[in-house]
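# please find the sequence and the predicted model below.
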Amino acid sequence: QPLLRPPSPLPAARLSPPSCMARWTTQDMRAKRARLPPEVDGLLSADTPRESTEALWAALRACYANEASAVAAATRNTGTILPYLNSPSNIYGCYDVLVG
């Protein structure tokens, strides 16, 4: 007998855009940006805003001794550089707590 899947609690279509988990401050909006390496850009969907992702990339890149290590980190956890999940100040702050 086939398993029956319970109805989804989510509506078929969203009436509003998804909410953001990250809160960007004025300082985050003005954060230094760095061009995304092709390997990192290839991890992102077409609708991911590149300008804010470049700010996250610059913050993540600053945490590593070289670009290859930062690319490896982004590849392991792409959420680190997604603007609706993270912010530059969060990356810098976490780095300071863990390393500083």
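Received the coordinates, thanks. Owing to the predicted nature of the structure, the values given are computational and were not obtained by experimental measurement.
# quick one, helices of the chain?
All helices of the chain, identified by DSSP state H, fall at 26-29, 38-41, 50-62, 67-76, 88-99.
# let me see the mean pLDDT of the longest one.
What that stands for is helix 50-62. Averaging pLDDT along helix 50-62 yields 97.
# tell me which other helices or strands that helix touches.
helix 67-76, helix 88-99 (3 or more CB pairs under 8 Å, 6 or more residues apart in numbering; DSSP states H and E). The way it works is simple: take the backbone N, C-alpha and C, and place the C-beta from them, glycine included.
# run the chain-centre distance for the longest one.
Between the centre of helix 88-99 and the centre of its host chain there is 14 Å, according to CA atoms, centre = their mean, to the nearest Å.
# contact partners of it?
If you take CB atoms under 8 Å, 6 or more residues apart in numbering as the criterion, helix 88-99 is touched by 22, 25, 27-28, 31, 55-56, 58-60, 62-63, 80.
# any idea of the angle that helix forms with helix 50-62?
10 degrees (axes from the mean of the first three to the mean of the last three CA atoms, to 10 degrees).
# report the buried residues of helix 88-99.
88-92 (16 or more other CB atoms under 10 Å).
# just say which of the helices of the chain is most tucked in.
With neighbours taken as mean count of other CB atoms under 10 Å, the helices of the chain reach their highest mean count in helix 50-62, at a mean of 20.
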